[in-house]
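Q: show me how the following folds:
(one chain, ligands or ions: 1)
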Amino acid sequence: MNVFCKCPNCAVEYCSKTNAKTRVEYAKKYGNVVKLECPSCGEVNAIHVNKIYTKSSKSIFILSILVFLIGIGFGGYYLMNQILEMKTVVGIVVIASILLAPSWVYSILQKEDRLRVNSFNRTYLK
Ligand SMILES: [Zn+2]
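A: Sure, this is the predicted structure:
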């Protein structure tokens, strides 16, 4: 995932990639102080791991929105067909679950991402 820090020289936020899931893991890999080069001013900064943080993933956010919209789209389409054909109550229940599934997937994706961000940002090195 991407971890972020602010350049102490020019205050630009920049990121670096890592597969560490927590700050402690990150520090074990790279040390308590990491040297990162600012892409904006070119300065190589020694950043303490406690100053490094992560953010919600944009791709997971977009993916969950897509799942949600496509699911609602399909569910709505089926619902319209069912109403037009005057199907039974069972059909309506099935459609209701089709409409619920995307919201369920959406909330799971969002929750997973929040957990990932929290587990990194909430652990500090002493
Ligand atoms: Zn800079």
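
Q: tell me where the protein has helices.
A: Taking DSSP state H as the test, the helices found in the chain are 23-30, 58-85, 89-121.

Q: gap between the helix or strand bottoming out on mean pLDDT in the chain and the chain center?
A: Every helix and strand in the chain was compared by mean pLDDT, DSSP states H and E; the lowest is helix 58-85, with a mean of 82. Computed by CA atoms, centre = their mean, to the nearest Å, the chain-centroid distance of helix 58-85 equals 21 Å.

Q: got JSON lines for the helices of the chain, with distance to Asn50 and mean neighbour count too?
A: C-beta here means a position set from N, CA and C on the backbone, and glycine is covered the same way. Below are the helices of the chain laid out as JSON lines (distance: least, CB to CB, whole Å; neighbours: other CB atoms under 10 Å):
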{"stretch": "helix 23-30", "distance to Asn50": "7", "mean neighbour count": "17"}
{"stretch": "helix 58-85", "distance to Asn50": "24", "mean neighbour count": "14"}
{"stretch": "helix 89-121", "distance to Asn50": "10", "mean neighbour count": "14"}
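
Q: the ion is nearest to which of the ones you listed?
A: helix 23-30 (19.1 Å; CB to the ion).
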